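Asks: coords please:
(one chain, ligands or ions: 2)
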Amino acid sequence: MSCSSKRKARGTGQEAGSSRALRCPVLMDLWRVPSSRETGWYLALIAPNVKGPSYPWLDPSRLYCHWQGLQDCIADLLQPFCEDPIDLVAGIDAMGFILGAAIANTLQKGFLAIRKAGHLCVETCTQPYTDYTARQKLLEMRMDTIQPGLRVLLVDQWIETGGTMRAAIHLVEQQGGVIAGIAAICIEDSDGGKWIQEHYKCSQCVPQHLMPQFNRHQLESFQAFGATPGQA
Ligand SMILES: O=P(O)(O)OC[C@H]1O[C@H](OP(=O)(O)OP(=O)(O)O)[C@H](O)[C@@H]1O
Ligand SMILES: Nc1ncnc2[nH]cnc12
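Replies: Ligands and ions are numbered 1, 2, ... in the order given. Got it, this is the predicted structure:
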């Protein structure tokens, strides 16, 4: 209960400084939609990391709170695939579930959860990988869904080193699935990110002119938060 601001959370009548509002440095205006929704406008809704290097360097989940931001983000991710046959959408644990399920619903397709190990109580195939934390991890997928030739759109929130996405690609292809495409808010220009873009049809929300900021892990839009990012 350290928030001293007295701003009102619009529409709720709830004060930011009330007992229900904990640590809320920048309250979102959930209803404000810019009149000219420029390409990737909603990326400015992403919050910076203020907790340090053991966390991802930013928080895209803030943009999911904004109805028009989420809608435009999903439309942008799907645009390159609008002519392509897709049988199934697969999302990667955990934040890839949000975008993946929203995309599946938009396409009126089913959704397959690719999970971090230890949660699926059915027959699974597993794939070890290393991600941006440099730790060894394990992805897991059920084995009763992908028939040979099934066209799968793989979705995650972010591709940094590409380790997680490559593990998911491997799981789908091992079962005979065809990667119809790969969608993520950002695919960084890392070696792994480039490899994925060279080998698969991809979509991401970050326009070319903003890529240097995303690769540097420092967005100009963070200035609006008045907070020093915990990690670059
Ligand atoms: O390209 P990579 O270096 O492999 O990193 C990308 C992965 O890292 C994040 O997940 P993370 O496990 O941090 O968090 P989550 O479980 O909250 O999605 C992100 O959502 C991707 O899944
Ligand atoms: N959520 C995320 N935000 C920024 N960078 C990431 N790298 C992996 N996950 C990320």
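Asks: Surely residue 63 touches residue 30?
Replies: No - assessed by C-beta atoms under 8 Å, residue 63 is found out of contact with residue 30, at 11.3 Å. For glycine as for every other residue, the C-beta is placed from the backbone atoms N, C-alpha and C.
Asks: out of the two, which sits in the more crowded spot?
Replies: Between residue 63 and residue 30, residue 63 has the larger neighbour count (other C-beta atoms under 10 Å), namely 20 against 15.
Asks: Count the residues that sit near the closest residue to the more buried one other than its chain neighbours.
Replies: Of all residues not flanking residue 63 in the chain, residue 45 sits nearest, at 4.0 Å (C-beta to C-beta, 6 or more residues apart in numbering). Close neighbours of residue 45, defined as other C-beta under 10 Å, add up to 21.
Asks: Residue 59 now?
Replies: Counted by other C-beta under 10 Å, the residues lying close to residue 59 total 17.
Asks: Which strand or helix spans the spatially most central residue of the chain?
Replies: A centroid search over the chain (C-alpha atoms, centre = their mean) returns residue 157, at 1.5 Å, as the residue closest to the centre. Taking DSSP states H and E as the criterion, residue 157 maps to strand 151-159.
Asks: residue contacts, residue 164?
Replies: Contacts here follow C-beta atoms under 8 Å, 6 or more residues apart in numbering; on that basis residue 164 touches 92, 129, 131, 137, 139, 156.
Asks: ok, of the residues you listed, which come out buried?
Replies: 92, 129, 131, 139, 156 (16 or more other C-beta atoms under 10 Å).
Asks: so where's the protein shaky on pLDDT?
Replies: Along the chain, segments meeting pLDDT under 70 span 1-26, 227-232.
Asks: What residues does it have near ligand 1?
Replies: With C-beta under 6 Å from any ligand atom as the criterion, the chain meets ligand 1 at residues 56, 92-96, 131-132, 156-164.
Asks: Can you get me a residue count around the nearest residue to residue 44 once chain neighbours are set aside?
Replies: The spatially closest residue to residue 44, leaving aside those adjacent along the chain, is residue 221, at 3.9 Å (C-beta to C-beta, 6+ apart). Per other C-beta under 10 Å, the neighbour tally for residue 221 reads 16.
Asks: Identify the farthest-apart pair in the contacts of residue 164.
Replies: The largest distance within those, taken as C-beta to C-beta, falls between 137 and 156 and amounts to 13.6 Å.
Asks: Which residues of this structure lie near ligand 2?
Replies: Taking C-beta under 6 Å from any ligand atom as the measure of proximity, the chain contacts ligand 2 at 56, 57, 58, 60, 132, 157, 158, 160.
Asks: which ones are touching the third one?
Replies: By C-beta under 8 Å, 6+ apart, the contact set of residue 58 is 46, 47, 48, 49, 217, 219, 222, 229.
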